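S.K.: make a model of this:
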Amino acid sequence: MPKSTPPTIIAACLCALAVAASHADAQSLVSTPIDFPGAVLTTARGINAQGDIVGWYTDTAGGTHGYLLSGGQFRSIDFPGAQSTQAWGIGPSGDIVGTYLRPGESGLESQHVVEIQ
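M.R.: Numbers count the residues shown, from 1 in each chain. Now for the predicted structure:
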């Protein structure tokens, strides 16, 4: 009659496989800093399948601007007449969605949602 494998050996093997798999995944990850030129703070919020990245940055005067990073080149995004613009997401075709605040506005209840072309 065949002997069965003790549960502790099975659990140990499964743990070893999980550790090996997570170690392999960790080695394949690449971290790339995203710093808008001249900004004091840069935040990334969205990425599409083409690798285009959107977010916002704070300039040295404290202003908030959206940005698009595509092909290694930054493009600043400012909604006309806004005091603050933030890009939150980018679709497969490059459509960008974000929010902006008009001069004198503050807080979440004052944000306006916009599609940026």
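S.K.: endpoints of stretch 84-103, how far apart?
M.R.: 8 Å (CA to CA, to the nearest Å).
S.K.: list the buried residues of it.
M.R.: Buried residues in stretch 84-103, counted by 16 or more other CB atoms under 10 Å: 84-88, 90, 96, 98-101. Using the backbone N, CA and C atoms, a C-beta is placed for each residue, glycine as well.
S.K.: how many residues are close by the closest residue to Asp59 other than its chain neighbours?
M.R.: Leaving out its chain neighbours, the residue that sits closest to Asp59 by CB to CB, 6 or more residues apart in numbering is Ala39, at 6.1 Å. Residues lying near Ala39 (other CB atoms under 10 Å) number 20.
S.K.: format the buried residues of stretch 84-103 as TSV; extra columns: distance to Pro33 and pLDDT.
M.R.: Shown next, in TSV, are the buried residues of stretch 84-103 (distance: CB to CB, whole Å; pLDDT from 0 to 100):
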residue	distance to Pro33	pLDDT
Ser84	24	92
Thr85	22	93
Gln86	20	93
Ala87	18	95
Trp88	21	94
Ile90	19	94
Ile96	22	93
Gly98	22	91
Thr99	25	89
Tyr100	26	89
Leu101	27	89
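S.K.: report pLDDT for the residue nearest to Asp59.
M.R.: On the pLDDT scale, Ala39 is placed at 98.
S.K.: run through the residues that contact it.
M.R.: Residues in contact with Ala39 (CB atoms under 8 Å, 6 or more residues apart in numbering) are 57-59.
S.K.: who wins for neighbours among those?
M.R.: In the contacts of Ala39, the most neighbours by other CB under 10 Å go to Tyr57, 23 neighbours.
S.K.: for the residue lying closest to Val40 once chain neighbours are set aside, give me the pLDDT.
M.R.: In space, and not counting its chain neighbours, Val40 is closest to Thr58: 5.3 Å by CB to CB, 6+ apart. In this model, Thr58 is scored at 97, pLDDT.
S.K.: one more: the one 4 residues further on?
M.R.: In this prediction, Gly62 carries a pLDDT score of 95.
S.K.: so what's the residue count around it?
M.R.: Gly62, neighbours per other CB under 10 Å, totals 8.
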